[in-house]
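Whatever this is, show me its structure:
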Amino acid sequence: MWAAMRYRTSRAFRLLMKSGDYDVINDMKYCDIISDDISDDEGGLPQAPVKVYTRFPQIDPTTIASYSAREYPKVGVDYAKYSVLRVIPKLHKLAQSPIYMKPVCKRGTVLKRPQERPKSFAEVLRDPVHLEFFKRFMKFHKSETPVLFWKTVELLKRTESSSARQKKAQLILKKFFGRLAGGGVMLQCDSDIIEEIAKFNTVTTSMLVQAQVEVVKSMERHWAQRYFKTFPPPPMPSPKVSQVLQDKREGIGGIKTKLRRIWELFSEIMRRAARFIAYMKDPRMFERFRRYLKRVPQQELNKIAGGDASNPDVNKRLQQSFDCDVTKMVCGRKVTLDYLADDLIFWVEADRWVQGNHPC
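Numbers count the residues shown, from 1 in each chain. The predicted structure follows:
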C-alpha cells in the first residue's frame, strides 16, 4: 500500500513539473521514487509475470528398454518392395579428367602434360614442365605446401645479397613454420630439423637448405610413386626389336665390348692373385695348401692306374709308376706334380726376401 502511494505521489509531481506550476511544490523530498512504469487506472503497480520453467517429461525405463530392443532391419518386412532413390552424378562430370591431367596455359604458353613417365623424382624437380604438373597433382590432393616450400628455398639460394637473403629466410620461417602453418606440420615431414626450426625466432639459409633436403626425401617417399602411376606404363620391347638392338650393339660397339671383356678378365685375375697372396701369408692356410699339393701326385697316379690304390692290381701298377715323376700338361706346359709343394715353399721364401723379411 505504501509503495502504491509513493508511486502516485511521484507521478503527480512529474505532472506538475511538466505543467510549469512551480508554486505548488518546489521540494524534492515529497518524491523520492521516480519510476517509468505505467500503472493501471487505479494507480496500482503491474504485477511481474510469473516465470514458468518447462521440463521434459520423464520416460519410464521399461519404455526405453522396449525402444532399444528393436532390431533393424525388421524381421518379416520385405524391403524389396520399397524403391531406393540413388543419386547418379552427371555424365559430363564423370568424363572430366583431373586438373593435373589437363594442359596448362602459363604466361601465354600452353604446356601439355608429358606422355613419358619420368625416370626418377629428381627429373620431376629438374624439368619445369614436370614440376608444374606435379605441383597441380599435389594441389589436387591438397598437399601442395611441400612443393611450394622447395621452390621458395630454390629462389632463396639464387639470391646474391646477404641482407635480402636473410629477409626472405624470415618470411619463409613465418610462412611455413609459423603458428598459422602449424609449426611445419603442412610440410608433411617428420624430421627433427623441421621441429627445431619451428621453435626458433630467426633462421639461417643453411638450416632451410637442410630442411629442403628432408622435405624432398619425404615427398619422394610418399608421393613419387603415386605421381608415377598417373602415367601409362612403358611399352615392353618385342623379342624381335630386342634382338635387333643387340645386333646393333654388337656391330657398332664390338671393339668396345671385346676390350671390356679383356679388362674384366684381367681384373678378375688380379683379384684372385691378391686373394691367394693374402691367404699364403696366413701360416695355417699355407700349411693346409702345402699338404694339398703333397697329395696331388698320388691323386694323379690313381687316375692313371684307373682305380683305388688299396686294390692289389692297382697297387702293382702304381709301383711301376713310382720310378718316374708324375707330370701333367697345364696351359700347354709340362708340369711336374711332385715338385709343386717345393715350388710353393720357394715362392714364399722369395717373396719374403723381396719384401726385406728373413725366414724364421
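
Ala69: neighbour count?
Other residues within reach of Ala69, judged by other Cβ atoms under 10 Å, total 7. C-beta coordinates here come from the backbone N, C-alpha and C atoms, glycine included.

whoops, I mixed them up, Ala169
Here the neighbour count serves as a burial measure; for Ala169 (other Cβ under 10 Å) it reads 20.

May I have the secondary structure class of it?
Following DSSP: H, G, I helix; E, B strand; the rest coil, the label given to Ala169 is helix.

Ile59 now?
If you use three-state DSSP, then Ile59 falls in the coil class.

Could you pull up the residues touching it?
For Ile59, no residue counts as a contact, taking Cβ atoms under 8 Å, 6 or more residues apart in numbering as the criterion.

got a pLDDT number for it?
At Ile59, the pLDDT value in this model is 80.

which residues of the stretch 51-200 of the chain score low on pLDDT?
Residues of the stretch 51-200 of the chain that meet the criterion pLDDT under 70 lie in 72-73, 79-80, 82-96.

which residues does the nearest residue to Pro234 once chain neighbours are set aside contact?
When the adjacent residues along the chain are set aside, Pro234 lies closest to Arg117, with 6.2 Å between them (Cβ to Cβ, 6 or more residues apart in numbering). By Cβ under 8 Å, 6+ apart, the contact set of Arg117 is 228, 231-234.

For these, which entry has the maximal number of neighbours?
Highest neighbour count within the contacts of Arg117, by other Cβ under 10 Å: Phe228, with 15 neighbours.

wait, doesn't that residue sit right on Glu116?
No. Counting by Cβ atoms under 8 Å, Phe228 does not reach Glu116; the two are 11.1 Å apart.

and the contacts of Arg117 as CSV, adding pLDDT and distance to Thr202?
CSV is the format used below for those (pLDDT from 0 to 100; distance: Cβ to Cβ, whole Å):
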residue, pLDDT, distance to Thr202
Phe228, 90, 39
Phe231, 87, 42
Pro232, 84, 48
Pro233, 80, 48
Pro234, 73, 48
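
Format the residues you listed as CSV; extra columns: secondary structure and distance to Glu132.
Supplementary listing: the contacts of Arg117 in CSV, determined by DSSP: H, G, I helix; E, B strand; the rest coil; distance: Cβ to Cβ, whole Å:
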residue, secondary structure, distance to Glu132
Phe228, helix, 16
Phe231, coil, 15
Pro232, coil, 20
Pro233, coil, 23
Pro234, coil, 22
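
now these as TSV including distance to Val75?
Rendered in TSV, the data for those read as follows (distance: Cβ to Cβ, whole Å):
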residue	distance to Val75
Phe228	52
Phe231	53
Pro232	52
Pro233	52
Pro234	57
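
of all those residues, which comes closest to Lys142?
Ranked by distance to Lys142 (Cβ to Cβ), those are led by Phe228 at 19.8 Å.

and Leu344, what helix or strand is that in?
Using DSSP states H and E, the element containing Leu344 is helix 340-354.

what sits up against that helix?
277, 280, 286, 289-290, 293-294, 296-297, 358-359.

now with 6 Å?
Contacts made with helix 340-354 from outside it, assessed by Cβ atoms under 6 Å, 6 or more residues apart in numbering, are listed as 290, 293-294, 296.

which pair in those residues spans the largest distance?
Arg290 and Val296 (10.9 Å).

list residues touching both of these two?
Counting by Cβ under 6 Å, 6+ apart, no residue touches both Arg290 and Val296.

mind listing what's buried in the lengthiest helix in the chain?
For the chain, the helix with the greatest residue count under DSSP state H is helix 254-280. Taking 16 or more other Cβ atoms under 10 Å as the neighbour-count basis, helix 254-280 is seen to contain the buried residues Met280.

what angle sits between it and helix 340-354?
Following axes from the mean of the first three to the mean of the last three Cα atoms, to 10 degrees, one obtains 90 degrees for the angle between helix 254-280 and helix 340-354.

Apart from its neighbours in sequence, what residue is nearest Glu116?
Here the nearest residue to Glu116 in space, its sequence neighbours aside, is Phe231; by Cβ to Cβ, 6+ apart that works out to 7.2 Å.

before we move on, the earlier item: of the contacts of helix 340-354, grab the buried ones for PyMOL.
Selection command for PyMOL covering only the buried members of the contacts of helix 340-354, criterion 16+ other Cβ under 10 Å:
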select buried, resi 290+293
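
re the thing from before, tell me which element the residue nearest to Pro234 is part of?
Going by DSSP H and E, Arg117 is not part of any helix or strand.

repeat for Cys105
In this structure, Cys105 is located in strand 104-106 according to DSSP H and E.

Start from the N-terminal end of the stretch 1-150 of the chain and give the helices.
With DSSP state H, counting those that start in this stretch as the definition, the stretch 1-150 of the chain shows helices at residue ranges 2-19, 61-68, 91-95, 121-126, 128-140, 145-157.

ok, and what's touching stretch 270-283?
Contacts to stretch 270-283, defined as Cβ under 6 Å, 6+ apart, come from residues 285-286.

distance between it and the chain's centre?
Between the centre of stretch 270-283 and the centre of its chain there are 45 Å (Cα atoms, centre = their mean, to the nearest Å).

Can you dump the C-alpha atoms of it in CSV for me?
What follows is stretch 270-283 as a C-alpha-only set of coordinates in CSV (Å, rounded to 0.1, in the frame of the first residue of the first chain):
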residue,chain,number,x,y,z
MET,A,270,94.4,-59.7,-60.4
ARG,A,271,91.7,-60.1,-57.7
ARG,A,272,92.3,-63.8,-57.4
ALA,A,273,96.1,-63.3,-57.3
ALA,A,274,95.7,-60.8,-54.5
ARG,A,275,93.4,-63.1,-52.6
PHE,A,276,95.9,-66.0,-53.0
ILE,A,277,98.8,-63.9,-51.7
ALA,A,278,96.7,-62.8,-48.7
TYR,A,279,95.9,-66.4,-47.9
MET,A,280,99.5,-67.6,-48.2
LYS,A,281,100.6,-65.0,-45.5
ASP,A,282,98.4,-66.9,-43.0
PRO,A,283,100.5,-69.8,-41.6
